[in-house]
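Next one to model:
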Amino acid sequence: MRTSMLALFLMASAVCFGEEPLRVNVKLVNVAFSARDSRGALVNSLTKDDVEVFEDAVPQKISFFAHSVDVPLTLGLIVDFSGSQDQFSKQHQHDLEVFLKDILGPKDRVFMICFGNHLRLVSDFSQSGPELIDRLKLYQRSDKHFPDLGPKEDRELGTAFYDSIYYSVAEKLANESGRRALLVFSDGEDNSSSHDMMTAIEAAQAANVLVYTIRYTEKQHGRLTARNHYGIRVMDRIAKETGGEAVDAETTDPKTYFQQIAEELRTSYELAYYPTNPLPDDTFRKIVIRPRQSGLTVRSKTGYFSR
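Numbers count the residues shown, from 1 in each chain. Reported below is the predicted structural model:
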């Protein structure tokens, strides 16, 4: 956290008038984003002068801008093993094997969480795909030997979806550096978390962690239920608010969407600015990154809470 020129001005003015200085600490706001053209192809040639950033519709001065290519990834894989996902357990394993074999790079680090009404750390950070799959198979045989993530909670029902995201950010990714993201394999339905959807989103936004949701929905007689629709909206909302993407695993080939996610993460941009409104007031600050060139689409987190 650094002191802005505004804070220095306020302090100097207060001293001149014999008043107690008002000290304002202004936090640098970091935003990762990606850009695509009208054909959906990633745009890799943007510079600081090619984009504008707004906070609550007020233009902000970009203090830092970088375009990273082939950066190492720090990822969390969150896999739902609650009752509604029983029929997808083999598909989860298959899709994870595709990701770990074809997408995971030699410098990437990945941890894995599996959850029902307990959050289990199945594997801490590892660079070995086979090791992660072995740990997953061990978990499928018995989850008793894996440590809890987050505090132990008394849960009567079986799906702690929001907690899985919140504690993955708070305890595993918040203090990590580099390009960070969560890949969540679930239906988005929750019935036993101590945190709600907005708290999970806020944690990811504050830590600049992108969340990609890969949805597996158990339909009844081939039709979506009201609960299914709720889960779909949750998965879509979390991905959008954090700058990630929502994927329907039923309609998309896993190798295709994993390659797209990895490509986007490895070639994304990052900018930072000191907000013109420096005072923390617990309000949500909306962020918009606008490319100066027409026909481009930018995806980033939608904002942050000024705590």
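
what about the residue nearest to Leu73 when sequence neighbours are not counted, neighbour count?
Nearest residue to Leu73, sequence neighbours excluded (Cβ to Cβ, 6 or more residues apart in numbering): Asp108, at 4.4 Å. For glycine as for every other residue, the C-beta is placed from the backbone atoms N, C-alpha and C. Other residues within reach of Asp108, judged by other Cβ atoms under 10 Å, total 22.

I'd like the distance between Asp108 and Thr74.
8 Å (Cβ to Cβ, to the nearest Å).

which residues in this structure form helices?
5-16, 89-102, 129-141, 161-168, 197-207, 226-242, 254-266 (DSSP state H).

now those as JSON lines including mean pLDDT and mean neighbour count?
Below are those laid out as JSON lines (pLDDT from 0 to 100; neighbours: other Cβ atoms under 10 Å):
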{"stretch": "helix 5-16", "mean pLDDT": "40", "mean neighbour count": "13"}
{"stretch": "helix 89-102", "mean pLDDT": "86", "mean neighbour count": "17"}
{"stretch": "helix 129-141", "mean pLDDT": "93", "mean neighbour count": "16"}
{"stretch": "helix 161-168", "mean pLDDT": "98", "mean neighbour count": "27"}
{"stretch": "helix 197-207", "mean pLDDT": "96", "mean neighbour count": "20"}
{"stretch": "helix 226-242", "mean pLDDT": "95", "mean neighbour count": "19"}
{"stretch": "helix 254-266", "mean pLDDT": "89", "mean neighbour count": "18"}
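
Throw the ones you listed into JSON lines and include distance to Asp190, thanks.
Shown next, in JSON lines, are the helices of the chain (distance: least, Cβ to Cβ, whole Å):
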{"stretch": "helix 5-16", "distance to Asp190": "41"}
{"stretch": "helix 89-102", "distance to Asp190": "18"}
{"stretch": "helix 129-141", "distance to Asp190": "20"}
{"stretch": "helix 161-168", "distance to Asp190": "4"}
{"stretch": "helix 197-207", "distance to Asp190": "8"}
{"stretch": "helix 226-242", "distance to Asp190": "7"}
{"stretch": "helix 254-266", "distance to Asp190": "23"}
